[in-house]
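Undergrad: structure for this input, please:
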Amino acid sequence: MTNAPHPEESLTRRLPQEPHYQPLRPVGYRPSEIATLGLLILIVSLAWWLSQSLLVLVLSILVFALASTAHAYWRQRHARRQNRLAEALLEAGNLEEASASFEELCLNYLAHPMHPIFVMNRGVAMLWNGELERAMELFNSASESMKLSPIRFGSFRRNVKLHRALVLILFGQDADAEEILKTVKPMHRARVETVLKSPKGHDGLPEKTRELWLKRTSKNEEQPGQ
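TA: A predicted model of the protein is given here:
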């Protein structure tokens, strides 16, 4: 596990290599969308061949459109529910299960409006596991996605900023962290300091990440003249 950023690359600009984490996903049709289009063509052709009726053709298209819309709606609801369950697992300390759930969401819901949130939560799980560089890459990706999306993410956008600042502080890059924290209200930026100062528990750092933080702060205390 790497605990320090590569000096030749800015930590705030690093992005993950995995396609399902990246902010700019290639535009194109997925296999499921191709299959759906093929099924639509088949239904329309069959209806036209059987009836030679424009009315039946229009009704067939409407039925298929309604069915597709309903499927997309329930798929989005399922993704939101899975995300809430994964967040509950993370809060309960079931890091391995939560990580697996967030990973599945990132892989299976690339076109979902909440995909940047799934990526952010996957990064939080990495942060809790002490994988600071990897977590920062995913926070950067989620931040870029939210900038590009027409959706207003509200508190999620702020949470990404706070997590990015937290990782930078853990790496000792306080100046870069301050640049990010300038963009959030004082009442929210105080949460970062609360996390750093809190004992192990719900509001504090997870054990593996806290070890890295304590190692850094103890090193600073040993070198007061610097």
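
Undergrad: number of residues surrounding Met187?
TA: 7 (other CB atoms under 10 Å). The way it works is simple: take the backbone N, C-alpha and C, and place the C-beta from them, glycine included.

Undergrad: any idea how far it lies from Leu162?
TA: Note on Met187: its distance to Leu162, by CB to CB, to the nearest Å, is 12 Å.

Undergrad: Phe102 touches Leu85, doesn't it?
TA: No. Judged on CB atoms under 8 Å, Phe102 makes no contact with Leu85 at a distance of 10.5 Å.

Undergrad: those two: which has the busier surroundings?
TA: Neighbours per residue, other CB under 10 Å: of Phe102 and Leu85, the larger number sits with Phe102, 27 against 13.

Undergrad: now that one: closest residue in space, sequence neighbours ignored.
TA: The spatially closest residue to Phe102, leaving aside those adjacent along the chain, is Arg122, at 4.0 Å (CB to CB, 6 or more residues apart in numbering).

Undergrad: one more: Leu127?
TA: Nearest to Leu127 is Ala135, by CB to CB, 6+ apart, at 4.0 Å.

Undergrad: quick one: pLDDT of the one you found?
TA: Predicted confidence (pLDDT) for Ala135: 94.

Undergrad: and it, how many neighbours?
TA: 25.

Undergrad: and it, what is it in contact with?
TA: 123-124, 126-127, 163, 167 (CB atoms under 8 Å, 6 or more residues apart in numbering).

Undergrad: redo those as CSV? Include distance to Ile117 and neighbour count.
TA: Formatted as CSV, the contacts of Ala135 follow (distance: CB to CB, whole Å; neighbours: other CB atoms under 10 Å):
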residue, distance to Ile117, neighbour count
Gly123, 11, 27
Val124, 10, 22
Met126, 15, 23
Leu127, 15, 23
His163, 12, 23
Val167, 18, 26
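
Undergrad: just those residues now: which is nearest Leu89?
TA: Relative to Leu89, the closest of those is Val124; by CB to CB it sits at 11.8 Å.
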